[in-house]
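Enquirer: quick check, what structure comes out for this input:
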Amino acid sequence: MSKCGRSRIAAFMACTILLLLSAEAYPSYNSEAGRKYAIASQRLADLRKSTKKKKYRSYWMDCIRTFELVERKYPRSPSASEACFDTAGLYLELYQLNKYPRDLDQSIQVYGRCQAAYPQHAKSPEGLYRVIELSLDYKKNASLATTTYTKLVETYPDSVWTEKARTRLGLAVPKKQEESGIKKMPAPVIAAPGRGMPAAVVKEIRYWSGGAYTRIVIEQNKSVKFQAQELKNPDRLVFDILNARIGKSVDRDPLPVNDGILKQVRASQYATDIVRVVLDLASIKSYVAFPLHEPERLVIDVTGEQGGETESQVESAESGTELKTGKPDEPQPVPTPETKNESQPAPTPGAKNEPQAVPMPEAKNENNDTNLSLSRQMGLKVKTIAIDAGHGGHDPGAIGKSGLMEKTITLDIAKRLAVLVKERLGCEVIMTRDRDVFIPLDQRPFIAKSKGADLFVSIHVNANRRRNAHGIETYIQGLKASDREAMATAARENAMSTKRLSELDSEIDKILKDLKQDNKLEESLQLAHTVQASLVDSVKPVQKHVVNLGVKRAFFYVLINTQMPSILAEVGFISNPDEEKQLSKGSYRQSIAEALFQGVKKYVDTRSPQMVGI
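Expert: Take a look at the predicted model:
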């Protein structure tokens, strides 16, 4: 072989290796690492909510081992760095509960290791600060604190955590820094005398990004009210969280997003009892904000100007399951968010502050046709269908007397339905889950939206304390439940109380009003009726006394802000021995899948434009 030929082969191999390394370093949202990290995060959230489990060390260690496994098994993924810092924080939480010195040592050691392994990560400066804090408060080790501070100053001289550490150690600001014009960090905002501390604490801010959508989640320890406003020059969305203070765990540095929709997210204590969260915009088509409960959080969905049509969805965001809370390797310098540089005044705390859900106006029906939605008038075809298998992972859903689990039934039916849709209808299929994994309820519609789904079908199995309860029913989203049984079904699927569901009226009302503007609820209703009729007809040959419970309305988290015709089908009662026996059979599940398909097909056929003679 010639020298030239060998050179070309060497160059080809080098390029191949670089591509492989790049692929591992930047996994898609449906990466295994992302799913494992989401499961670990959910497991931790469940532990923190359980008063009983928090008392046992074994549960904490189980969470720690799960995060450690993510880092060890997927060292090149973005989830690895997040898992590392989560592990350090967990050891600290465990120490604060049981005062076991080894846990404190582990927390300090892991924080140091995380900074060394991921020096460009957003939490690295905070990690070093935590080491200083723990060394002074618990270890009484001034030497370790001083050594760590030196490293913090050398590595992150402009970080707010460096300034905090300097204040904590009682050190003066270096003269060079004063002469350079760099301002000292402003004193923290504290509550006015006699008013007390704000009731709520903002604990965490994170985001998901996929396709034409970006979701921001602001987590609090209590339910909050908020106000929203859109500001120009530069373009930004501002959310003021009322009667709240920003928690120590929230990074004061801006959180870079840079996905073509958002540039970054900033948070600050704008006033004594107002936390201001600012979304710096790259492009925006619409946005909507709504609170969710258990845990308490404010969800903001931003739709970008680019990629609004199905064809331009970003293909890499297949499931949206990986939680992104970190920053790129080289964050760009930005002004400190504590300075009040927004052009609008703070809201008046005493004023009536209703939660906001303020979408940009959509195109109106200029023909004033009240029977057909805008998409139907334009003859837009259904190209992509999202199929959601209820529950999964550590959430089994309802369980029958024989031990059959809802999550098993729904996944099997969903897979069968996906095959039918692909082969017979020729549509693309999006599975919110295609295996036994846990996907949070509020993330499922985001997965469908980010992939440009035209329909959303969620599959569930019902349950009731009365063993003789049986039948089939199909739901659409509704603020008011059709009846008490519908509310109970929604409460079970949402894993929340019926009382809390009744409290959502003022919070979700504007979202449902927005859906009505384009008759999405009317489209959902038509889809629900075709599916319900098909399900009942398919079951009759097997169950002579099948009960048609009809189409109902109730509020479901999994259907919130789907922005497409969406239904939730309860295909039977697993609590009924006879129906559980049928649902355990593969042949019966296939008939359910066929029925769902026929209902969807009938709906899709009615959307095709018809030529009418004049």
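Enquirer: give the residue spans of the stretch 351-500 of the chain that score low on pLDDT.
Expert: Where the stretch 351-500 of the chain drops to pLDDT under 70, the residues are 351-380, 479-484, 486-500.
Enquirer: quick one: the strands in it, in order.
Expert: 384-389, 428-431, 455-462, 472-477 (DSSP state E, counting those that start in this stretch).
Enquirer: and for the stretch 151-300 of the chain?
Expert: Using DSSP E, counting those that start in this stretch, the strands found in the stretch 151-300 of the chain span residues 200-210, 213-220, 226-231, 236-242, 244-246, 255-256, 262-271, 274-281, 286-292, 297-303.
Enquirer: dump those into JSON lines; add distance to residue 539, mean neighbour count and mean pLDDT as well.
Expert: Yep, even glycine has a C-beta here, placed from its N, CA and C like the rest. Putting those into JSON lines (distance: least, CB to CB, whole Å; neighbours: other CB atoms under 10 Å; pLDDT from 0 to 100) gives the following:
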{"stretch": "strand 200-210", "distance to residue 539": "37", "mean neighbour count": "21", "mean pLDDT": "86"}
{"stretch": "strand 213-220", "distance to residue 539": "37", "mean neighbour count": "24", "mean pLDDT": "87"}
{"stretch": "strand 226-231", "distance to residue 539": "46", "mean neighbour count": "18", "mean pLDDT": "84"}
{"stretch": "strand 236-242", "distance to residue 539": "47", "mean neighbour count": "21", "mean pLDDT": "90"}
{"stretch": "strand 244-246", "distance to residue 539": "50", "mean neighbour count": "23", "mean pLDDT": "89"}
{"stretch": "strand 255-256", "distance to residue 539": "50", "mean neighbour count": "20", "mean pLDDT": "86"}
{"stretch": "strand 262-271", "distance to residue 539": "47", "mean neighbour count": "22", "mean pLDDT": "88"}
{"stretch": "strand 274-281", "distance to residue 539": "48", "mean neighbour count": "23", "mean pLDDT": "91"}
{"stretch": "strand 286-292", "distance to residue 539": "34", "mean neighbour count": "21", "mean pLDDT": "78"}
{"stretch": "strand 297-303", "distance to residue 539": "37", "mean neighbour count": "23", "mean pLDDT": "85"}
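Enquirer: can I get those in TSV with distance to residue 600?
Expert: Output for the strands of the stretch 151-300 of the chain, formatted as TSV (distance: least, CB to CB, whole Å):
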stretch	distance to residue 600
strand 200-210	24
strand 213-220	24
strand 226-231	36
strand 236-242	36
strand 244-246	44
strand 255-256	39
strand 262-271	34
strand 274-281	36
strand 286-292	26
strand 297-303	25
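Enquirer: residue contacts, residue 124?
Expert: 114-115, 118, 155-156 (CB atoms under 8 Å, 6 or more residues apart in numbering).
Enquirer: what of residue 267?
Expert: 202, 205, 246, 250, 252, 275-278, 337.
Enquirer: if we go to 10 Å?
Expert: Residues in contact with residue 267 (CB atoms under 10 Å, 6 or more residues apart in numbering) are 202, 205, 218, 239, 241, 246-247, 250-255, 275-278, 337-338.
Enquirer: write the ChimeraX selection for whichever of the contacts of residue 124 are buried.
Expert: Buried subset of these, written as a ChimeraX selection, criterion 16 or more other CB atoms under 10 Å:
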select :114,115,118,156
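Enquirer: can I get the strands of the stretch 351-500 of the chain in JSON lines with mean neighbour count and distance to residue 397?
Expert: Shown next, in JSON lines, are the strands of the stretch 351-500 of the chain (neighbours: other CB atoms under 10 Å; distance: least, CB to CB, whole Å):
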{"stretch": "strand 384-389", "mean neighbour count": "25", "distance to residue 397": "10"}
{"stretch": "strand 428-431", "mean neighbour count": "20", "distance to residue 397": "17"}
{"stretch": "strand 455-462", "mean neighbour count": "27", "distance to residue 397": "7"}
{"stretch": "strand 472-477", "mean neighbour count": "26", "distance to residue 397": "15"}
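Enquirer: just put those strands in CSV and tack on distance to residue 265.
Expert: Formatted as CSV, those follow (distance: least, CB to CB, whole Å):
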stretch, distance to residue 265
strand 384-389, 27
strand 428-431, 27
strand 455-462, 27
strand 472-477, 28
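Enquirer: which among the ones you listed is found nearest to residue 31?
Expert: In terms of CB to CB, the element of the strands of the stretch 351-500 of the chain nearest to residue 31 is strand 428-431, at 15.6 Å.
Enquirer: what's the closest one in contact with?
Expert: By CB under 10 Å, 6+ apart, strand 428-431 touches 30, 310, 318-319, 382-389, 411, 414-415, 417-422, 447-456.
Enquirer: flag the shaky bits of the stretch 101-250 of the chain, pLDDT-wise.
Expert: For the stretch 101-250 of the chain (pLDDT under 70), the answer is 172-198, 211.
Enquirer: kindly recompute the last result at 50.
Expert: For the stretch 101-250 of the chain, the stretches with pLDDT under 50 are 175-195.
Enquirer: for stretch 578-597, what does the pLDDT average out to?
Expert: Per-residue pLDDT over stretch 578-597 has a mean of 92.
Enquirer: export it to CSV, keeping only CA atoms.
Expert: Extracted in CSV, the C-alpha atoms of stretch 578-597 (Å, rounded to 0.1, in the frame of the first residue of the first chain):
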residue,chain,number,x,y,z
ASP,A,578,-63.8,-11.1,35.5
GLU,A,579,-62.3,-8.1,33.7
GLU,A,580,-58.9,-8.7,35.3
LYS,A,581,-59.0,-12.3,33.9
GLN,A,582,-59.7,-11.0,30.4
LEU,A,583,-57.0,-8.3,30.7
SER,A,584,-54.5,-10.9,31.5
LYS,A,585,-55.0,-12.6,28.1
GLY,A,586,-52.9,-11.5,25.1
SER,A,587,-55.8,-12.1,22.7
TYR,A,588,-58.0,-9.7,24.7
ARG,A,589,-55.3,-7.0,24.8
GLN,A,590,-55.0,-7.4,21.0
SER,A,591,-58.7,-6.8,20.6
ILE,A,592,-58.4,-3.7,22.8
ALA,A,593,-55.6,-2.5,20.6
GLU,A,594,-57.6,-3.2,17.5
ALA,A,595,-60.5,-1.3,18.9
LEU,A,596,-58.4,1.7,19.8
PHE,A,597,-56.9,1.6,16.3
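Enquirer: start the count at 809 instead of 1 going forward.
Expert: Will do, 809 is the new start, and the previous item becomes stretch 1386-1405.
Enquirer: would you list every one of the helices in the stretch 809-958 of the chain?
Expert: Remark: helices assigned in the stretch 809-958 of the chain by DSSP state H, counting those that start in this stretch are 811-833, 840-857, 865-881, 886-906, 909-925, 932-942, 950-963.
Enquirer: out of those helices, deepest packed?
Expert: helix 932-942 (a mean of 25; mean count of other CB atoms under 10 Å).
Enquirer: next, the angle helix 909-925 makes with it.
Expert: 150 degrees (axes from the mean of the first three to the mean of the last three CA atoms, to 10 degrees).
Enquirer: so how far is stretch 923-940 from its chain's centroid?
Expert: Mean-position distance between stretch 923-940 and its chain equals 25 Å (CA atoms, centre = their mean, to the nearest Å).
Enquirer: got the end-to-end distance for that stretch?
Expert: End-to-end distance for stretch 923-940, by CA to CA, to the nearest Å: 13 Å.
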